[in-house]
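In: Sequence and computational prediction follow.
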Amino acid sequence: MSAPQLVVHRDKELMAQAAAARLITKIVDAQATRGSASVVLTGGRNGNGLLTALGTAPARDAVDWSRLDLWWGDERFLPEGDPERNVTQAREALLDRVPLDPARVHAMPASDGPYGADVDAAAAAYAEELAAAAGPGDHAGVPTFDVLMLGVGPDTHVASLFPELPAVRETERTVVGVHGAPKPPPLRVSLTLPAIRAANEVWLLAAGEDKAKAAAIALSGAGEVQAPAAGAYGRSRTLWLLDAAAASELPRSLYPPASA
Ligand SMILES: O=C1O[C@H](COP(=O)(O)O)[C@@H](O)[C@H](O)[C@H]1O
């Protein structure tokens, strides 16, 4: 477990640009070291903001898009192409404009896909896909992702792990079907905390006033069942990327001195 490190930026636009630059560097470094990189994308406003910023980042062409594996931390269980699906939004924000290898874009199943409306079967299939990609040196039956990103919901949810729901208590499976999510749609597919914690780096994105309470709660010692964001950490690094509005309710003891 790595202790959270915080970086606070002036506003959400700067946060998205700085996070995009940071992500480019991680991907380029991983590709230089191992030949490929793996990143877990998040849905939500902050995740899509980062992808949009990545699309216009000056160093975007330093990435070899064909040697990048993309996975998702969660998905809204809706028909293929639904505008509310996280993958649809990610495609619109960036993915449709970069030369990715389609075989390396690991979208979660849709509700009109091979598993039909069976969200648990869809989750089990995604767990199998992850397990097939994991190697002997990996952990918990998933690949060791270079970076796994998570948007933080105003209720402290991350991926589709909502406070007090069974999914956040899962200790064995890497992917679960989520029933009765308090944020629409009620059916979702989500990585679990054990899968999230197998990532090398976990980045939590929180920008905007509506994230201030969630950040303060998660970073002040709350339990992960009550505040799922508190249970999200990476093997070597846990990085909270915030803007000033989201950081506004953090205890002063946590607020980093050198924020830009
Ligand atoms: O529904 C979801 O919400 C969270 C947070 O979204 P935000 O718009 O409040 O930033 C997101 O991280 C998750 O992937 C998504 O499915």
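Out: Sure thing, it's come through.
In: Show me which residues of the stretch 101-250 of the chain sit near the ligand.
Out: With the criterion set to CB under 6 Å from any ligand atom, the stretch 101-250 of the chain comes near the ligand through 150-151, 153, 159-160, 183. Every C-beta, even on glycine, is put in place using the N, C-alpha and C of the backbone.
In: What is the nearest of these to Leu54?
Out: Gly151 (15.1 Å; CB to CB).
In: how near is the residue nearest to the closest one when sequence neighbours are not counted to Ala159?
Out: Nearest residue to Gly151, sequence neighbours excluded (CB to CB, 6 or more residues apart in numbering): Gly44, at 3.4 Å. As judged by CB to CB, to the nearest Å, Gly44 and Ala159 stand 10 Å apart.
In: and those two? which has more neighbours close in?
Out: Neighbour count, other CB atoms under 10 Å: between Gly44 and Ala159, Ala159 has more, with 34 against 21.
In: which residues touch that one?
Out: 42, 73-74, 150, 190-191, 196, 228 (CB atoms under 8 Å, 6 or more residues apart in numbering).
In: can we see that at 7 Å?
Out: 73-74, 150, 190-191, 196 (CB atoms under 7 Å, 6 or more residues apart in numbering).
In: Can you list the buried residues in the lengthiest helix in the chain?
Out: In the chain, taking DSSP state H as the definition, the longest helix is helix 12-34. Buried residues in helix 12-34, counted by 16 or more other CB atoms under 10 Å: 12, 15-20, 22-24, 26-27, 30-31.
In: ok so, going back, tell me the one among the contacts of Ala159 nearest to Leu205.
Out: Checking the contacts of Ala159 one by one against Leu205 (CB to CB), the nearest turns out to be Leu150, at 6.9 Å.
In: what does the helix or strand encompassing the closest one rub up against?
Out: Take DSSP states H and E as the rule and Leu150 turns out to sit in strand 147-151. With CB under 7 Å, 6+ apart as the test, strand 147-151 has contacts from 23, 26, 39-44, 46-47, 73, 158-159, 196, 199, 201-205, 232, 234.
In: Ok, stretch 45-54 next?
Out: 12, 16-17, 19-20, 23-24, 41, 60, 89-90, 93-94, 149, 151, 205-207.
In: now stretch 72-86
Out: Contacts of stretch 72-86 (CB under 7 Å, 6+ apart): 40-43, 87-88, 107-108, 110-113, 119, 122, 148, 150, 159-160, 185, 187-191.
In: can you rerun that using 6 Å?
Out: Outside of stretch 72-86, the residues within contact range by CB atoms under 6 Å, 6 or more residues apart in numbering are 40-43, 108, 110-112, 119, 150, 159-160, 185, 187-191.
In: could I get that stretch in CSV with only the CA atoms?
Out: The C-alpha coordinates for stretch 72-86 follow below in CSV (Å, rounded to 0.1, in the frame of the first residue of the first chain):
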residue,chain,number,x,y,z
TRP,A,72,-11.8,0.5,-18.0
GLY,A,73,-12.3,0.8,-14.2
ASP,A,74,-16.0,0.7,-14.6
GLU,A,75,-18.8,0.8,-17.2
ARG,A,76,-22.5,1.8,-17.2
PHE,A,77,-24.3,-1.3,-18.4
LEU,A,78,-26.1,0.1,-21.4
PRO,A,79,-26.4,-0.8,-25.1
GLU,A,80,-23.3,-0.4,-27.3
GLY,A,81,-22.9,3.2,-28.5
ASP,A,82,-25.2,4.7,-25.7
PRO,A,83,-24.0,8.2,-25.1
GLU,A,84,-23.9,7.5,-21.3
ARG,A,85,-21.4,4.6,-21.7
ASN,A,86,-18.0,5.5,-20.5
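In: And it, what's buried?
Out: Quick answer for stretch 72-86 (16+ other CB under 10 Å): 72-78, 82, 85-86.
In: Over to stretch 39-56?
Out: Here stretch 39-56 shows 39-54 as buried, counting by 16+ other CB under 10 Å.
In: which of those come close to the ligand?
Out: 42-47.
In: now those residues in a markdown table, with pLDDT and secondary structure?
Out: Listed next are those as a markdown table, based on pLDDT from 0 to 100; DSSP: H, G, I helix; E, B strand; the rest coil:
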| residue | pLDDT | secondary structure |
| --- | --- | --- |
| Thr42 | 98 | coil |
| Gly43 | 98 | coil |
| Gly44 | 97 | helix |
| Arg45 | 97 | helix |
| Asn46 | 97 | helix |
| Gly47 | 98 | helix |
